[in-house]
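J.: Next input, structure requested:
(3 chains)
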Amino acid sequence: MSSVNHHFPDPVIRRKFRQRLLRWYARHQRDLPWRKTSDPYKILVSEVMLQQTQVDRVIPKYKEFLRKYPTLQELAGASVGDVEATWRPLGYNIRPVRLHAIAQEAVGRHRGKIPDSLEELQAFKGIGRYTAGAVMSFAFRKDAPILDTNVKRVLQRVFLGSTNGNGSKPLKRLWDLSAALIPKGKAYDFNQALMDFGALICTARKPNCPNCPMQPFCLSYPWDKDNTPCPKLQRPSK
DNA sequence: CTCCAGCCCC
DNA sequence: GGGGCTGGAG
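T.: The predicted structure follows:
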């Protein structure tokens, strides 16, 4: 028995999805400041800020934060209070505290570098599976999958529709999908494209199906057919 | 105003 | 598998 279905999704659909996503991205990608740097520290700052905060609110604070702490070393050398104050009013104020701790640990224990493995990244408090994948693909250009809410929604709709797939846990299924779709050596563009696609076309409410390049094979197209709500990934617990 | 979402921690 | 913090939807 094989535990992984190597033919899901259909290789033809898989290829079409990649092609269409990357082509769409080439024309519609957002101009975001953290896409202009390859400094893992700066990427990490952006990802932590983006964890619970919308892009528009993050952009100005990202710039201000990096003006004040341009390097990992300078962040590590600042006082926590100072970092917290700079963070305001982004909210979720545990994040700057953890980010500061990460900087200090990296300086003290990793030769002043952000580590470049999923395991080491996830060992930090404040970096979970998503953020670790984001740093691996966006900062270190590794073919690591990501799965945040946007990506979950896109993959669920296009490849699973209203079903949960082949019996395996929905979450694992989606992580596997996210990994299986990455074109070799192109996780950076592919993952960025997935995020933009989820933010601009395959939105939570009122997805823009009429302009969606995935129409021909999307299992949820057309979305408004019978006003179906987005399939829940997991049942409410109560 | 209440409720829900969302990434991470425990 | 539940709670926290916080913005945004209803």
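
J.: Counting by contacts, list what the longest helix seen in chain A packs against.
T.: Of all the segments of type helix in chain A, defined by DSSP state H, the longest one is helix A:11-28. Taking 3 or more Cβ pairs under 8 Å, 6 or more residues apart in numbering; DSSP states H and E as contact, the helices and strands that helix A:11-28 lies on are helix A:170-181, helix A:187-200. Heads up, the C-betas are built off the backbone N, CA and C, glycines and all.

J.: who touches whichever residue of chain A sits closest to DNA strand B in this structure?
T.: Nearest residue of chain A to DNA strand B (Cβ to the nearest atom of the strand) works out as residue A:128 at 2.5 Å. Going by Cβ atoms under 8 Å, 6 or more residues apart in numbering, residue A:128 touches residue A:122.

J.: one step back: ok, which of the helices and strands packed on helix A:11-28 comes nearest residue A:114?
T.: Of all those, helix A:187-200 sits nearest to residue A:114, with 16.0 Å by Cβ to Cβ.

J.: CA atoms of that closest one as CSV?
T.: What follows is helix A:187-200, C-alpha atoms only, in CSV (Å, rounded to 0.1, in the frame of the first residue of the first chain):
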residue,chain,number,x,y,z
ALA,A,187,9.0,28.1,-4.4
TYR,A,188,9.7,31.8,-3.9
ASP,A,189,7.7,33.0,-6.8
PHE,A,190,5.1,30.3,-6.5
ASN,A,191,4.4,30.9,-2.8
GLN,A,192,4.3,34.7,-3.3
ALA,A,193,1.9,34.1,-6.2
LEU,A,194,-0.3,31.9,-4.0
MET,A,195,-0.5,34.6,-1.4
ASP,A,196,-1.4,37.3,-3.9
PHE,A,197,-3.9,35.1,-5.6
GLY,A,198,-5.7,34.4,-2.4
ALA,A,199,-5.6,38.1,-1.5
LEU,A,200,-6.7,39.5,-4.9
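
J.: any idea how chain A splits into domains?
T.: Domain assignment for chain A by automatic domain parsing gives A:11-29+A:146-226, A:39-138.

J.: out of the ones you listed, nearest to DNA strand C?
T.: When the domains of chain A are compared (using Cβ to the nearest atom of the strand), the closest one is domain A:39-138, at 3.0 Å.

J.: hey, least reliable of the domains of chain A by pLDDT?
T.: Among the domains of chain A, domain A:11-29+A:146-226 carries the lowest mean pLDDT, at a mean of 90.

J.: coming back round to it: nearest to residue A:112 among the helices and strands packed on helix A:11-28 would be which one?
T.: Nearest of the helices and strands packed on helix A:11-28 (Cβ to Cβ): helix A:187-200, 23.6 Å.

J.: Fine by me, we can end here.
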